[in-house]
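A.B. asks: Show me how the following folds:
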Amino acid sequence: MNRLKLLVQIYYTFFKLGCFSFGGGYAMIPLIEREVVEEKKWIDREKIIDIFAVAESMPGAIALNSSGFVGYSINGIAGSVAALLGNLTPPVLIVLTLSVLFSTFSSNPIVQRAFLGIRPAIIGLISYAAYKIGKTAIKDFKCLIIMIVAFCAVLFFHIHPVLMILFGAAAGIILTSIGNVVHFKNINMEGDK
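C.D. replies: Below is the predicted model of the structure:
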């Protein structure tokens, strides 16, 4: 019974998140983080950052990928299914309802102004998500350099983000390996004295 209660909580949590996912998955990242890390304490901050990184690098919607991974981390495959269904239910119902209503009210000035106001809010949510992830992900000077190189490569040279993810992974492996070798040599030199 306890497991069923947890699955219902996962479904309900992601149902609530799905109700407010204007702007797609990137706008949903701070909401997911607040719910599962700060409110429910199901996952720690380090793990959620890793989940977002993996979810972003995979094909598909980041909100669904994140939901599936978070649900799996909480309660295995059943948790993943509960999170995905919870996340999908509101948008499906909302889109079905809006598709019927939008054709009727799309020329209404109030509706047009509402959508005009939603856009800046979405940009704010995405910026906040980038700030929160950056605070946790950028741990040292090497990470900062990798971030700057990746940002510039995508912005100025239009290199595909998947290539930048692969570059970041490779750079992290190489720099960590070099750091470990240097650290090991320093320990050996101090031991020889």
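A.B. asks: Does T13 belong to a helix, a strand or coil?
C.D. replies: Secondary structure state of T13, per DSSP: H, G, I helix; E, B strand; the rest coil, is helix.
A.B. asks: Ok, K139 next?
C.D. replies: Assignment for K139 (three-state DSSP): coil.
A.B. asks: For it, the count of nearby residues, please.
C.D. replies: If you count neighbours by other C-beta atoms under 10 Å, K139 ends up with 9. Glycine gets a C-beta too; all of them are placed from N, C-alpha and C.
A.B. asks: Check the gap between it and P30 for me.
C.D. replies: 20 Å (C-beta to C-beta, to the nearest Å).
A.B. asks: try N87
C.D. replies: N87 is 15 Å from P30, by C-beta to C-beta.
A.B. asks: between these two, which one's more packed in?
C.D. replies: With neighbours defined as other C-beta under 10 Å, N87 and P30 compare such that N87 has more, 29 against 19.
A.B. asks: shouldn't that one be in contact with K16?
C.D. replies: No - if you go by C-beta atoms under 8 Å, N87 and K16 don't touch, sitting 9.8 Å apart.
A.B. asks: for the spatially closest residue to I43 that is not a sequence neighbour, what are its contacts?
C.D. replies: Spatially, and ignoring its direct neighbours in sequence, I43 is nearest to V36 (5.2 Å; C-beta to C-beta, 6 or more residues apart in numbering). By C-beta atoms under 8 Å, 6 or more residues apart in numbering, the contact list for V36 reads T13, W42, I43, I48, V70, I74.
A.B. asks: If anything else comes up later, I'll come back, but that's it for now.
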